[in-house]
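Engineer: Got a predicted structure here, sequence first:
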Amino acid sequence: MTAAAAPEKEPDDANAKPEPQMDHDWLHRLIGDWSFEGECIMDTSEPPTKSTGDAKVRSLNGLWILCEGTGDAPDGVPVNSVITLGYDPQKAPFVGSFVASCMTNHWIYEGTLYEVGKVLTLDTEGPGFSDEGSLAPYQDLIEIESDEHWTLKSRMRGEDGQ
């Protein structure tokens, strides 16, 4: 068996190493070791359930961040999770995903930075509660309140459209 040499290619933009953009810098503010406290409100007639845990956020070549979380779900079951976030200059939105050890859904994010660079709104869809097998729109909102504090809020559209 012999191998033929590949023809030389002219360098082009497709082969250039991607460089982080200004929007990547916003994501880098999340890098670090964090502790969190969570609340889950499934029914407004019931008190919220609480959970705690830790998250380690690191950079992947300045283009992505990886957030690895460990903690307890509101029902006390241990949960591990991974969030990936990046900025796609070709599409111009933020993109990413979320997976957790307590579910089989792979959440795919597409988002926009609002409020003068303060809130990243990530749109996704996942299992609906009203009809088995249906999908419902969700949003995760990441807000950087200071260099020492950021929040992640999740919400879903209810049957009333709100």
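Structural biologist: Right, received. Where do you want to start?

Engineer: pretty sure residue 114 is touching residue 139, no?
Structural biologist: No. Using C-beta atoms under 8 Å, residue 114 is not in contact with residue 139; the gap is 11.3 Å. C-betas here are computed from N, CA, C, even on glycine.

Engineer: shared neighbours of the two, which are they?
Structural biologist: Both residue 114 and residue 139 are contacted by residue 121, under the criterion C-beta atoms under 8 Å, 6 or more residues apart in numbering.

Engineer: three-state assignment of residue 27?
Structural biologist: helix (DSSP: H, G, I helix; E, B strand; the rest coil).

Engineer: hang on, it packs against residue 87?
Structural biologist: Yes. Residue 27 is in contact with residue 87 according to C-beta under 8 Å; the separation is 7.0 Å.

Engineer: More neighbours: which of the two?
Structural biologist: Each of residue 27 and residue 87 has its neighbours counted (other C-beta atoms under 10 Å); residue 27 has more, 25 against 22.

Engineer: thinking again about what came up before, would you mind grabbing the residues shared as contacts by residue 27 and residue 87?
Structural biologist: Shared contacts of residue 27 and residue 87, defined by C-beta under 8 Å, 6+ apart, are found at residue 94.

Engineer: where's residue 127 relative to residue 81, distance?
Structural biologist: 16 Å (C-beta to C-beta, to the nearest Å).

Engineer: out of the two, which sits in the more crowded spot?
Structural biologist: Neighbour count, other C-beta under 10 Å: between residue 127 and residue 81, residue 81 has more, with 18 against 15.

Engineer: in which helix or strand would I find that one?
Structural biologist: Using DSSP states H and E, the element containing residue 81 is strand 78-87.

Engineer: list the buried ones in that strand?
Structural biologist: 79, 81, 83, 85-87 (16 or more other C-beta atoms under 10 Å).

Engineer: Relative to the whole chain's centre, how far out is it?
Structural biologist: Centroid separation between strand 78-87 and its chain, computed with C-alpha atoms, centre = their mean, to the nearest Å, is 6 Å.

Engineer: List the strands paired with that strand, with their directions.
Structural biologist: strand 64-72 (antiparallel), strand 94-100 (antiparallel) (DSSP bridges).

Engineer: Any idea how many residues pack against residue 51?
Structural biologist: Counted with other C-beta under 10 Å, residue 51 comes out at 18.

Engineer: and if you look at residue 98?
Structural biologist: 24.

Engineer: pLDDT averaged over the host helix or strand of residue 58 - what is it?
Structural biologist: Element membership for residue 58 (DSSP H and E) is strand 49-60. Strand 49-60 shows a mean pLDDT of 94.
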